[in-house]
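K.L.:
structure for the following, please:
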Amino acid sequence: MKKYKNFILDIGAFDGSDGLMLALKNKDHFIYAFEANLFQYKVIKKNKLILESRIGKKIFNYKVLNLAVSNKNSNDKLFYVSNNPIVSSLNKFNRNVGKTWKGYDKMFKIKKSLKVKTITLAKFCATNNINIINYLHCDTQGNDLKVFQGLGKYKKILERGVMECSINKYRSLYQGNHTLSQVRKTLSKDSFKIFKIETVDGTMGNEFNVFYKNKFSLNNKYKINLKYNTRYLRRVFSGKTYLKDDIRDLFLRLYNKFI
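P.N.:
This is a model prediction of the structure:
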């Protein structure tokens, strides 16, 4: 198996779309994906097989782990599974969601809680001899800042990343969620520079994606390709592809068969 020196981490992988696309677009990088929900972990494993069959090639630079990531290592942290699994979290919902997220009330209900294992990225990097993190893609539903803080001394090996945050405490979806002002303060303190802030689609302006990079250049040799569209993969996973998808992937299968 090929040895990799460059790594991308996908925290809160959900259905695997982001991590798998990053794997396809960045063949010189190894992608570790983390998903706390055992059901979604199994979904990702299945989706990887669907994609491999679709393109006619194994994806060797991707691995998903059934772990939650936070700022502490634990064997019995509660993970709250909601009616819509995409908003499941280590955090309970804010009591204000009925007022600040109108129309989403049925979606934001806890269906059950599970005991999960949490790991810090500091422990993970030390255990797996990771000396550089080229990109940290984080979407853990209210826990992203803790994931970042859990890097500890390994923050210095992180080149760039993205995390979600709430506009303020009142409009936060989760109890204890971090705000934009907290993210700004933490990143600045740890020598990271914010270069783009975007409103997260479908959040009524309550959440942002914050893109940041290390102020000190670490590794310019390998450029990361972040230009991808997860809508394509979601069509593939659901079996609802377009004709243009089918034609393109047919040629891709043929190409992969003969190279």
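K.L.:
sec struct for residue 54, please.
P.N.:
Judged by DSSP: H, G, I helix; E, B strand; the rest coil, the three-state class of residue 54 is helix.
K.L.:
that one: how many residues sit nearby?
P.N.:
18 (other CB atoms under 10 Å). Where C-beta positions appear, they are placed from N, C-alpha and C, glycine not excepted.
K.L.:
check residue 198 too.
P.N.:
For residue 198, the count of nearby residues is 11 (other CB under 10 Å).
K.L.:
how close does it sit to residue 205?
P.N.:
According to CB to CB, to the nearest Å, residue 198 stands 11 Å off from residue 205.
K.L.:
swap in residue 121?
P.N.:
Between residue 121 and residue 205 the computed distance is 30 Å (CB to CB).
K.L.:
then residue 215?
P.N.:
Per CB to CB, residue 215 is found 29 Å from residue 205.
K.L.:
before we move on, what about residue 176?
P.N.:
According to CB to CB, residue 176 stands 21 Å off from residue 205.
K.L.:
residues contacting residue 195?
P.N.:
Contacts here follow CB atoms under 8 Å, 6 or more residues apart in numbering; on that basis residue 195 touches 211-213.
K.L.:
neighbour-wise, which of the residues you listed leads?
P.N.:
Counting neighbours by other CB under 10 Å, residue 212 comes out on top of the contacts of residue 195 with 24 neighbours.
K.L.:
so that one bridges to which residues?
P.N.:
Residue 212 has these beta-bridge partners by DSSP bridges: residue 161, residue 194.
K.L.:
so it versus residue 88, what's the distance?
P.N.:
From residue 212 across to residue 88, the span is 25 Å (CB to CB).
K.L.:
cool, residue 33 as well?
P.N.:
In terms of CB to CB, residue 33 sits 16 Å off from residue 88.
K.L.:
same deal with residue 46?
P.N.:
As judged by CB to CB, residue 46 and residue 88 stand 18 Å apart.
K.L.:
neighbour count winner among the two?
P.N.:
Set residue 46 next to residue 88 and count neighbours by other CB under 10 Å: residue 88 wins out with 25 against 13.
K.L.:
list the buried residues for stretch 14-34?
P.N.:
14-24, 26, 29-34 (16 or more other CB atoms under 10 Å).
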